[in-house]
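Participant: Next come a sequence and a model predicted from it.
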Amino acid sequence: MNNQQGSKRISSGVIAAVSAAVVLVGGGVAWLASNQPPTPIRPSQTITPRDPVQGQTPHVYWLKPRDTGLDLVPQPVEIAATQPNQVLERAFQALLAGPTEGTDSTTIPPETKLLGLKMENGEVHVNLSEDFTKGGGSTSMVGRIGQVIYTATTLDPNAKVYIEVEGEQLEFLGGEGVEVLQPLTRQSFEQNYPL
């Protein structure tokens, strides 16, 4: 019986040899991995910027009812784009598609289309289809102006926003004629357009 037990044991020399081989192979793999050149990014790859401009994630702004009016509430959006103009265009596409969940809402008519967007020198020019001007009272109009201003300034909160409809600068919005004092900023919106 003693002979059977002895045959099941592995000698300490074999264990030491296997351990040394594992350490050598692991060290060699680690050395190879650390000395490989970085993988270049091919032009066809899309980079998803976490913080595309000024360390911020882009947001789309929705309206949330409160007792005495509406609040503009941000929703972060995941956008695969490399340039600020592309980021804003995709944010506006998400805004115009409308909210997908929760109690947030929009007063922007669902038929509204983004016809153009340009961001440069601290200004954002947003060109929307004529559908943007249709339907709703003054609260609805003010809400949609706020949604456009805040979404347009998601990358630069101090930017000046110009809203155009079919390529023409918007002066009045809706049947009640809400005057649109351009350029618009977050600060001027808070002062001139109470929600």
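Facilitator: Done, it's in.

Participant: all helices for this protein, in order.
Facilitator: For the chain, the helices defined by DSSP state H occupy 2-7, 12-34, 84-97, 138-152, 186-192.

Participant: Report all helices and strands that the third one contacts.
Facilitator: Contact analysis of helix 84-97 by 3 or more Cβ pairs under 8 Å, 6 or more residues apart in numbering; DSSP states H and E lists strand 59-66, strand 114-120, helix 138-152 as its packing neighbours. Any C-beta I mention is one placed from the backbone N, CA and C, and that applies to glycine too.

Participant: let's see it at 10 Å
Facilitator: The contact analysis (3 or more Cβ pairs under 10 Å, 6 or more residues apart in numbering; DSSP states H and E) places helix 84-97 against strand 59-66, strand 114-120, strand 123-128, helix 138-152.

Participant: Near residue 114, how many other residues are there?
Facilitator: By other Cβ atoms under 10 Å, 18 other residues sit near residue 114.

Participant: Just give the nearest non-adjacent residue to it, would you?
Facilitator: In this structure, residue 114 finds its nearest non-sequential neighbour in residue 92, 4.8 Å apart by Cβ to Cβ, 6 or more residues apart in numbering.

Participant: where does the chain have low pLDDT?
Facilitator: Applying pLDDT under 70 to the chain flags residues 1-56, 175-176.

Participant: let's see it at 50
Facilitator: Within the chain, the stretches with pLDDT under 50 are 1, 4-9, 14, 16, 18, 20-23, 25, 28-55.

Participant: Kindly tell me how buried residue 86 is, as a neighbour count.
Facilitator: Residues near residue 86, counting by other Cβ under 10 Å, number 17.

Participant: Then the one 3 residues further on?
Facilitator: Around residue 89 there are 19 other residues, counting by other Cβ under 10 Å.

Participant: so who does it touch?
Facilitator: Going by Cβ atoms under 10 Å, 6 or more residues apart in numbering, residue 89 touches 79, 81, 83, 114, 116-119, 126.

Participant: top of these by neighbour count?
Facilitator: Neighbour max across those (other Cβ under 10 Å) = residue 126, 25 neighbours.

Participant: who's it bridged to?
Facilitator: Beta-bridge pairing of residue 126 under DSSP bridges involves residue 117, residue 163.

Participant: Does it touch residue 160 like I think?
Facilitator: No: between residue 126 and residue 160 there is no contact under Cβ atoms under 10 Å: 11.5 Å.
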